[in-house]
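what's the 3D shape of this:
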Amino acid sequence: MASQIPFLHSLHHRDSLDLFVHGLLPLCYGEHRPYSHLYCQLTLQIVPVMPTALVDRAKIPYEDRERWVSILLICEATVAFICCPIFGYLIDVAPTRKLPYLLGLILLGASMLILCLARTIGFFVIARLLQGSATAMVVVAGLALLTDSVPFENLGQTVGYLGSAVTLGFLLGPLLGGLVYRVAGYQPVFAMAFAIVGLDLVMRFAVIEKRVAKRWMALSQDDDADDEETNNHDSPSESSTPQPETTENEATIIPKHSRKPTLLLLIQQPRILISSWGLLVHGMIYAAFDATIPIFVESHFNWTPLGAGLTFLPSSMTALFEPYFGKLTDTITPHPIATTTFLLLPIPLSMLALSTNPTSTHITLLMINLTLTGLLVNIATPALYLETQRVLDTMERREPGIFGPRGAVAQAFGIQTMAQFLGLSLGPLAGFVEGRFGWGFVVVGLGVVCAATGVVVGVGLRGDACCGGSRFGDGDGDDGERERLLAGD
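This next block holds a predicted model:
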């Protein structure tokens with residue numbers, strides 16, 4: 001039995017095993033946070049470079065660059081939107097979550113290689129399609145990995161860390177891409193990307209999943225029990241009789257899971273749909289900014305790709321505080337936080353319409369309102385992710401085993417990530433809207449969408465009425481239910 005345990009665990013002393021699992025595992029997941037940021041950073045560092053690269057390398061006419069930037073962003077987000085629920089299911093049924101994550105990183109590296117070498121628009125499109133599938137796999141698997149590893153009472157803060165990393169990647173990627181392109185040119189942008197992918201692959205191999213660690217611990221305990229039984233063979237009745245009864249009792253109290261597909265069960269929950277809509281709106285805002293700001297500041301302020309990248313810096317800095325926003329969500333529930341932020345978002349978004357001239361006043365106003373927009377979006381993000389996990393916990397607590405032995409964490413995150421990528425696929429349409437109706441129409445329109453979303457969130461999430469109306473974490477059995485939901489054993 002001991003030979004089946006990997007080398008580092010073959011000592012099979014329980015104390016040393018616990019020390020290794022509970023000491024190294026948090027370290028690995030702590031390292032996971034910044035590398036999530038680096039992953040998103042390298043997928044978006046091409047954003048400020050793309051308009052120039054399409055003209056110089058793919059020979060796209062200068063006047064068509066905005067249209068093709070939007071098309072490429074839509075290609076990536078649409079593929080991610082399609083793949084998210086599929087990958088969510090595969091990740092839930094896979095033996096480990098690490099294997100899909102590694103596959104996503106390999107796809108990402110392949111897409112970066114194609115982008116690095118591309119000189120026709122067809123190869124640019126293929127690369128962005130691969131990036132979309134890689135994004136779906138890595139984001140869903142990463143969220144599931146992280147959720148499996150933390151207690152529910154700290155989930156909001158933990159999602160805040162991950163959201164902070166992802167948001168920093170979304171916003172700092174264009175900044176660093178523009179900076180490297182300005183200083184060193186096109187190819188060095190991807191040299192940085194390849195280094196990040198390689199480092200992330202190494203870190204993934206260092207991760208020990210909770211369910212894998214528990215199996216190793218069980219093997220070690222079995223070996224210890226066998227040794228103890230051998231040493232105490234004169235009194236076998238004391239150690240052998242309680243075990244079968246416990247197993248039978250546990251088997252009788254856990255019902256069979258619902259015959260409905262898990263995905264269907266999840267999308268029937270109004271709170272999941274509402275929180276997913278909120279993430280869709282966030283995706284629209286990010287993608288609209290990615291598609292319009294680089295060209296807007298170039299045409300209105302005569303800025304270079306470096307200047308376009310620097311435009312994202314103020315709002316990206318607000319993501320550093322997302323763990324604190326997540327902790328706040330753990331304390332006062334998602335409903336008031338999500339409602340307030342969406343109702344306030346129309347103010348800075350509409351004020352962006354006033355920044356049209358290359359004067360210090362207009363530039364300052366642009367930066368301030370971008371910062372406020374990023375701040376409000378980052379405040380709401382942990383609340384929206386946590387809301388879906390609250391629904392899962394309520395459903396599992398009311399009907400244990402409803403999602404089957406593997407749970408539904410990855411599929412739930414798949415729905416939310418799918419919604420966010422649907423927003424990311426719709427957001428680039430702002431590039432077409434700006435070309436036809438102007439910058440002011442785009443930002444005011446986003447403000448109207450946020451105001452309507454604030455009303456929907458305020459009414460739909462009030463009182464947690466959709467799944468029983470009880471607050472999470474109010475019972476001694478909650479941790480046990482969550483363990484059953486996540487364990488997958």
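
how many neighbours does Gln269 have?
20 (other CB atoms under 10 Å). In short, each C-beta sits where N, CA and C put it, glycine included.

Kindly report the same for Leu263.
Residues within reach of Leu263, counting by other CB under 10 Å, total 18.

Could you list the buried residues of the helix or strand encompassing it?
Using DSSP states H and E, Leu263 maps to helix 262-267. Across helix 262-267, burial judged by 16 or more other CB atoms under 10 Å covers 262-263, 265-266.

farthest-separated two in the residues you listed?
Leu263 and Leu265 (7.3 Å; CB to CB).

Setting the sequence-adjacent residues aside, check what's closest to Thr78.
Computed as CB to CB, 6 or more residues apart in numbering, the closest residue to Thr78 that is not its neighbour in sequence is Ser425, at 4.6 Å.

And Pro323, by the same measure?
Nearest to Pro323 is Gly160, by CB to CB, 6+ apart, at 3.9 Å.

The one you found: which element?
helix 155-184.

Among the buried residues of helix 262-267, pick out the one closest to Ile74, please.
Out of these, the member with the shortest distance to Ile74 (by CB to CB) is Leu263, at 24.3 Å.

can you tell me which residues contact that closest one?
Leu263 sits next to 85, 88-89, 411, 415 when contact means CB atoms under 8 Å, 6 or more residues apart in numbering.

please redo it, this time with the cut-off set to 6 Å
Gln411 (CB atoms under 6 Å, 6 or more residues apart in numbering).

where's it relative to Leu370, distance?
Remark: distance between Leu263 and Leu370 (CB to CB, to the nearest Å) = 36 Å.

got it, and Thr135?
Thr135 sits 24 Å away from Leu370, going by CB to CB.

before we move on, what about Thr339?
Counting by CB to CB - Thr339 and Leu370 are separated by 23 Å.

Repeat that for Leu349.
Taken as CB to CB, the span from Leu349 to Leu370 is 10 Å.

do Leu328 as well
23 Å.

Heading C-terminal from the helix or strand harbouring Pro85, find the next helix or strand.
Secondary structure assigned from DSSP H and E places Pro85 in helix 65-93. Remark: after helix 65-93, the chain's next helix or strand is helix 98-117, criterion DSSP H and E.

what's the angle between that next one and helix 65-93?
If you take axes from the mean of the first three to the mean of the last three CA atoms, to 10 degrees, helix 98-117 sits at 160 degrees to helix 65-93.

where does the stretch 51-200 of the chain have low pLDDT?
147, 149-156, 159, 163-164, 166-172, 174-175 (pLDDT under 70).

can you pull the contacts of Ala383?
Shown in contact with Ala383 (CB under 6 Å, 6+ apart): 329, 334, 337-338.

what about 8 Å?
156, 325, 329, 334-335, 337-338, 341.

Setting the sequence-adjacent residues aside, check what's closest to it.
The shortest distance from Ala383 to any residue other than its chain neighbours is 3.6 Å, reached at Pro334 (CB to CB, 6+ apart).
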